[in-house]
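> model this:
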Amino acid sequence: MAPRSRTGGGRGRGAAPGASSVQADLRARLGAVAVLAAVGTFVTAFALSVGTTGTAYVWHLNMLSDLGDRSCHVRDARWICSPAHVLFNTGLVLTGGLLALAGGLLLRLWGWVLALGVVVMGVGLVVAGLFTATEYVVTHMVGVVLALVAPGLALLWSAVRPETAWLDSSRVVRGLLAGVALVLAAESRLPDPVIPRGAGELAMVLCLVAALVVEAVRLRPGGREGRPQGPTSRSADGTAATASASRTTAPRSGASARR
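Sure, this is the predicted structure:
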């Protein structure tokens, strides 16, 4: 009986990419689009809110949450007034929803830690957008911690111990950005922070956004990393195991071996 070729159909290790591979590729592309759409939504809401007449926002003093406050008043020695608070809070909710969607779509490439961290970030933004700092102080702060600290820890962990082969690339950039964000978060909790709290929070957000954008851009069509391939889990000994790496050369026939 002739030996069965590994390059033929079926689900052997040398099988050509099938429907599951195409579906995984589509999920990765949609996840990248969701991340970029979330970033675009946040930046647009921020820019429109700051540009609205009557808005009081000093970049190194005011917190981002001030743009979502529903009344004009003084808090912690800073003047808060944002006529476009509905727009900003709506932008936070939409951004959070898109990030939660992206985390679910990119679970295969990112692994549980990073994907869950991004989902938690999305949930935190939704909470922060629905519960403003003046009316719901504790709930709002919980949302802020979920939105800023949780993804920072997840990004740092994914750089130190990447769960998937995909995360092996750009781990240095991801780790540096996450590390800076977490240091800024810790420094902002000091009784007398060196960096003004507004500037520190803005820099922290920029670091997290940059890390997510780097991962999303890597997934763009024709990007530097190319098309995502097959399963990206890691084996028990810590080595990466992708579908492309596991393919073996099909055995040559007797006639070709004699050539």
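> retrieve the pLDDT associated with Asp237.
We have a pLDDT of 45 for Asp237.
> one more: the one 3 residues further on?
Here the pLDDT value assigned to Ala240 is 48.
> do the same with Phe42
97.
> excluding chain neighbours, what is closest to it?
Thr95 (4.4 Å; CB to CB, 6 or more residues apart in numbering). All C-beta atoms are positioned from the backbone trio N, CA, C, and that covers glycine.
> how deep is that neighbour tucked in, by neighbour count?
By other CB atoms under 10 Å, the residues close to Thr95 number 26.
> please apply the same query to the one 4 residues further on.
Other residues near Leu99 come to 30 when the count uses other CB under 10 Å.
> now swap in Val160 and tell me
For Val160, using other CB under 10 Å, the count is 12.
> next one: Gly200 from Asp76, what distance?
In this structure, Gly200 and Asp76 are 14 Å apart, going by CB to CB, to the nearest Å.
> ok, now Thr41?
Applying CB to CB to Thr41 and Asp76 gives a distance of 28 Å.
> show me which of those two is the more surrounded one.
Thr41 (20 against 10).
> element containing that one?
helix 19-51 (DSSP states H and E).
> which helices and strands does that helix pack with?
In terms of contacts (3 or more CB pairs under 8 Å, 6 or more residues apart in numbering; DSSP states H and E), helix 19-51 is packed against helix 85-105, helix 107-130, helix 197-217.
> where in the protein is pLDDT low?
1-19, 220-259 (pLDDT under 70).
> secondary structure of Thr139: a helix, I assume?
Yes: with DSSP: H, G, I helix; E, B strand; the rest coil as the criterion, Thr139 is assigned to a helix.
> you'd agree it is up against Val127?
Yes: Thr139 is within contact range of Val127, at 6.5 Å (criterion: CB atoms under 8 Å).
> so which of the two has more stuff around it?
Comparing Thr139 with Val127 by other CB under 10 Å, the one with more neighbours is Val127, at 22 against 15.
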